[in-house]
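Asks: Mind looking at a prediction? Sequence and model below.
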Amino acid sequence: MAFTFLYLLSWLGLVVNFSFGVLCVASGLQYLAELIEEYSVKSKRILTYMIWCIVAIHTVLWLVDGIPWYMSVLGISAHLCFCMLMRTFPFFSLVSPLFIIGCVLWAVSQVLAFQFFTQNWFPFTDILAYYTICLWLVPVLLFLSLSANDNALPVIGSGGVVSMDDSNIILTRKSGFLQVMDWFKQLLSAPRGSKSR
């Protein structure tokens with residue numbers, strides 16, 4: 001196979017297309033984070049419905065498609081931990097026992113799903129759908145909702161008054177995903193200094 005200019009150009013095109021794809025995904029995630037931050041009450045409702053739908057999907061996959069019961073139980077348990085976090089949404093701590101237990105259950109279900117899908121043949125689209133909907137959707141949205149913590153005002157919820165001390169009431173500071181995106185934006189838009197002698 002001779003290397004031609006078109007072959008080299010195809011690699012350049014692949015890099016450009018991959019770069020545009022990454023930028024599109026990052027823009028979409030930033031937009032979702034802004035929506036979650038702006039509409040935190042609706043986001044809580046939508047996330048709660050998503051969690052219950054995913055619990056139902058895990059059950060159906062176990063009953064209909066032969067997904068092992070332990071994968072379904074772990075997935076359901078992780079999502080129930082995430083559902084309990086919804087009581088104080090958008091306020092939740094990354095070091096709370098409930099969040100840590102949910103993340104450990106989620107990580108174990110990732111490993112078990114990987115082992116199951118490497119030992120049993122399924123079409124790639126089925127595997128991708130399982131990972132995207134049953135494993136990644138809710139944790140990614142919870143990660144995006146971390147930026148809503150700083151900009152939400154304390155409210156009286158079903159669990160009582162959520163109080164914040166003076167160091168946490170900084171309305172202009174962003175955290176989580178939006179802070180990372182702002183850092184990238186500043187990095188990319190930083191003026192280039194001219195070299196002067």
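Replies: Thanks, I have it. Residues are numbered from 1 along each chain as shown.
Asks: nearest residue to the most centrally placed residue in the chain other than its sequence neighbours?
Replies: The structure's the chain has its C-alpha centroid closest to residue 140; by Cα atoms, centre = their mean the separation is 0.8 Å. Excluding its sequence neighbours, the residue lying closest to residue 140 (Cβ to Cβ, 6 or more residues apart in numbering) is residue 29, at 8.0 Å. The C-beta positions use only the backbone N, C-alpha and C, and glycine is treated the same way.
Asks: if I read this right, the one you found contacts residue 144, doesn't it?
Replies: Yes - Residue 29 is within contact range of residue 144, at 6.5 Å (criterion: Cβ atoms under 8 Å).
Asks: Neighbour count: these two, which is higher?
Replies: Counting neighbours by other Cβ atoms under 10 Å for residue 29 and for residue 144 shows that residue 144 has the greater number, 22 against 18.
Asks: which of the residues in the helix or strand hosting residue 117 are buried?
Replies: Using DSSP states H and E, residue 117 maps to helix 97-119. By neighbour count on 16 or more other Cβ atoms under 10 Å, the buried set for helix 97-119 is 98-99, 102-103, 105-106, 108-110, 113, 116-117.
Asks: That one - contacts with which helices or strands?
Replies: helix 69-85 (3 or more Cβ pairs under 8 Å, 6 or more residues apart in numbering; DSSP states H and E).
Asks: Give me the distance between the helix it packs on and the centre of its chain.
Replies: Centroid separation between helix 69-85 and its chain, computed with Cα atoms, centre = their mean, to the nearest Å, is 16 Å.
Asks: Output the contacting helices and strands for that helix.
Replies: The contact analysis (3+ Cβ pairs under 8 Å, 6+ apart) places helix 69-85 against helix 40-64, helix 97-119, helix 137-144.
Asks: Mind putting the ones you listed into CSV with distance to residue 84 and mean pLDDT?
Replies: Formatted as CSV, those follow (distance: least, Cβ to Cβ, whole Å; pLDDT from 0 to 100):
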stretch, distance to residue 84, mean pLDDT
helix 40-64, 10, 89
helix 97-119, 6, 89
helix 137-144, 12, 84
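Asks: Noted, bye for now.
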